[in-house]
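# this one's sequence-less:
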């Protein structure tokens, strides 16, 4: 795809543990176009954060990227030498983490974080950098930026810290920002402000956004397209409207139905069972044990992707591919 | 009939700081809070971090001693109890905590965790307690074959079920659930909420539900109180509060909840702090609906 800023193809990341090889990310593929926001949705252990860390090559051992390509601006990041990769982090891809307090250095002033980012990438001299830092804090809607630039992280509220994180992520004007659960630790009114800031930043700086979250409400308000992950695989991918209007995978439908909203006091729709242990995944579709529409075919092999509409694909035997009504056993899962 | 629980003018101040040459500062975590909970209902306290909702719950069970005020349970003032009287009262009032990862002792087996309240209150023989714990396990949807496992061997949802079994061990009539599902995955939250609603029916429980998730609160509670900076700023039947919020903070809070509809218009209301009169008393704004405006 020519207009894709980031193209992830068959990304597979595994962790070697005593319990065996855990494939946290299993053949994940998606594109992000310029100016687009992709929401990557999943529950804990689905592999959404490992996907993000794999893209910027910060997976810690015993984790290792086993296969796939991460093509960013025409170059495969997975085969880049480390010194070039360091240029990509920050200048090419900015990062916003869930917990700003642990991502910020507690003994560095807010402004120094930004100055450091600019200087590492050779984008400003020390004096210019300070002025740029103040500008960026102002852009992140931090009031009294001239004074805040000299604050330490502990002097700021959670919402302010997340604004600082966003300012740092944008410091080198990266075309892509990855935000991993950026509002999960925040109160709902602060969350609303941060999401609005991200939308504004996207417009003002023209960035693309990979937004990782477990909250479908956040996705509905922020994303253009959505990818739903379960046990290391993307099981459904669609424009945001299709995910909410025409969810095709039983897991997506289950997630949407488990959001409280029906008649008060009525039983909620629960997805029975628990997220599977990656060390002992069932053969075939990993959602099958919890699926209410399970068929014999589901335990044979992981279904291939079927395209339902432009940009809307799903991996489920409820939607067989036109040319292969029957599953092809073994190896078809990846 | 008097309400099952009544809280009157509850105050909890924390003093902090204060050095040789520095004056102490007082944080008014709970500042003159009053409400009642009827038998069999679910009453929700909602608010953001620092609003005082958890402190209110902890004061009611005297896990934190309040500065002043009254907490009445079946008409009797719990705050005046001590010794044996307090222990008896505590059998009736139990708490389920937010984080199933830190609220269970990792070095105790599930059986011991659930049995402990029975041991403390000297209830039953060893064999009777074993039978009771198995029964509680089944009640909360756990397999009694797993009684001897450690917390780490259970998933988050299962751990919250263990916490619930422990809270139910002494047959309480009133349970304070402080953010009982906020640490759980979305698909698991629904399981635990359904379990809480089933148990309420089955065991005739009364709940105080402390939460920040407004979608959830709307779903399970009969009445709601909204807390802001240590005070209740609005209180009433759940439907009334959600459909016709009167306090500026409630309006801002409700409008901030992300809507799971990509086509829904964005009607965010920002809180204008100048519109909030912190000292305004709660007043009747409609039948069964109070607001501090």
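Received, thanks. Only a predicted model underlies this, so the values are computations on that prediction, with no experimental measurement involved.

# Once you drop chain neighbours, what's closest to residue 236?
Let's take chain A. Spatial nearest neighbour of residue A:236, chain neighbours left out: residue A:249 (4.2 Å); criterion: CB to CB, 6 or more residues apart in numbering or on different chains. All C-beta spots, glycine's among them, are computed from the backbone N, C-alpha and C.

# could you do chain B instead?
Sequence neighbours aside, residue B:289 is the residue nearest to residue B:236 in space, at 3.5 Å (criterion: CB to CB, 6+ apart).

# For chain A, see how far away the one you found is.
Counting by CB to the nearest CB, to the nearest Å, the gap from residue B:289 to chain A is 16 Å.

# That residue reaches residue B:243, doesn't it?
No. Counting by CB atoms under 8 Å, residue B:289 sits too far from residue B:243 to count as a contact (10.3 Å).

# who has more neighbours, those two?
residue B:289 (18 against 10; other CB atoms under 10 Å in any protein chain shown).

# Just the pLDDT at the more buried one, thanks.
Looking at residue B:289, its pLDDT stands at 95.

# Please name the nearest non-neighbouring residue to residue B:137.
Residue B:137 sits nearest to residue B:144 (CB to CB, 6+ apart), 4.5 Å away.

# and the residue nearest to residue A:188 when sequence neighbours are not counted, how many neighbours?
Nearest residue to residue A:188 in three dimensions, chain neighbours excluded: residue B:256, at 4.7 Å (CB to CB, 6+ apart). For residue B:256, the count of nearby residues is 21 (other CB under 10 Å).

# Show the contacting residues for residue B:256.
Contact analysis of residue B:256 by CB atoms under 8 Å, 6 or more residues apart in numbering or on different chains lists A:188-189, A:191-192, B:268.

# what's the residue of chain B found nearest chain A in contact with, if anything?
Residue of chain B nearest chain A, by CB to the nearest CB: residue B:258 (2.9 Å). Residue B:258 is in contact with A:191-192, A:195, A:215, A:217-218, A:220-221, counting by CB under 8 Å, 6+ apart.

# make it 7 Å
A:215, A:217-218, A:220-221 (CB atoms under 7 Å, 6 or more residues apart in numbering or on different chains).

# hang on, the earlier thing: show me the beta-bridge partners of the residue nearest to residue B:236.
Beta bridges link residue B:289 to residue B:236, residue B:286 when assigned by DSSP bridges.

# just to revisit the earlier point, quick check: pLDDT value at the residue nearest to residue A:236.
For residue A:249, pLDDT reads 96.

# so how far is chain B from it?
Per CB to the nearest CB, residue A:249 is found 13 Å from chain B.

# Check whether that residue really touches residue A:312, as I assumed.
No. Taking CB atoms under 7 Å as the definition, residue A:249 is not a contact partner of residue A:312, at 10.7 Å.

# Now do the strands in chain A.
For chain A, applying DSSP state E gives strands covering A:4-17, A:20-33, A:37-41, A:63-72, A:75-76, A:93-96, A:176-180, A:208-213, A:225-230, A:233-239, A:306-309, A:312-314.

# scratch that, the stretch 101-250 of chain B
Along the stretch 101-250 of chain B, the segments classed as strands by DSSP state E, counting those that start in this stretch run B:174-178, B:206-211, B:223-228, B:231-237.

# would CSV of these with mean neighbour count and mean pLDDT be doable?
Output for those, formatted as CSV (neighbours: other CB atoms under 10 Å in any protein chain shown; pLDDT from 0 to 100):
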stretch, mean neighbour count, mean pLDDT
strand B:174-178, 24, 95
strand B:206-211, 24, 96
strand B:223-228, 25, 96
strand B:231-237, 24, 96
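
# Can I get those in TSV including distance to residue B:96?
Formatted as TSV, the strands of the stretch 101-250 of chain B follow (distance: least, CB to CB, whole Å):
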stretch	distance to residue B:96
strand B:174-178	4
strand B:206-211	9
strand B:223-228	19
strand B:231-237	22
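
# nearest to residue A:65, of these?
Set against residue A:65 and scored by CB to CB, these come closest in strand B:206-211, at 39.6 Å.

# Mind giving me the packing neighbours of that closest one?
The contact analysis (3 or more CB pairs under 7 Å, 6 or more residues apart in numbering or on different chains; DSSP states H and E) places strand B:206-211 against strand B:42-46, helix B:53-60, strand B:174-178, helix B:214-220.

# Pull the residues that contact the last one.
If you take CB under 7 Å, 6+ apart as the criterion, helix B:214-220 is touched by A:259-261, A:264-265, B:42, B:44, B:46, B:193, B:197, B:209, B:211, B:224, B:238, B:242, B:253-254, B:257.

# Look at residue B:12 and tell me its secondary structure.
strand (DSSP: H, G, I helix; E, B strand; the rest coil).

# tally of neighbours for residue 203?
As the question left the chain open, I've gone with chain A. Around residue A:203 there are 10 residues (other CB under 10 Å).

# Hmm, no, I was thinking of chain B.
Residue B:203 has 13 nearby residues by other CB under 10 Å.

# same deal with residue B:204?
Residues near residue B:204, counting by other CB under 10 Å, number 10.

# Redo the contacts of residue B:256 as a markdown table? Include pLDDT.
As requested, the contacts of residue B:256 are exported to a markdown table (pLDDT from 0 to 100):
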| residue | pLDDT |
| --- | --- |
| A:188 | 88 |
| A:189 | 87 |
| A:191 | 89 |
| A:192 | 89 |
| B:268 | 81 |
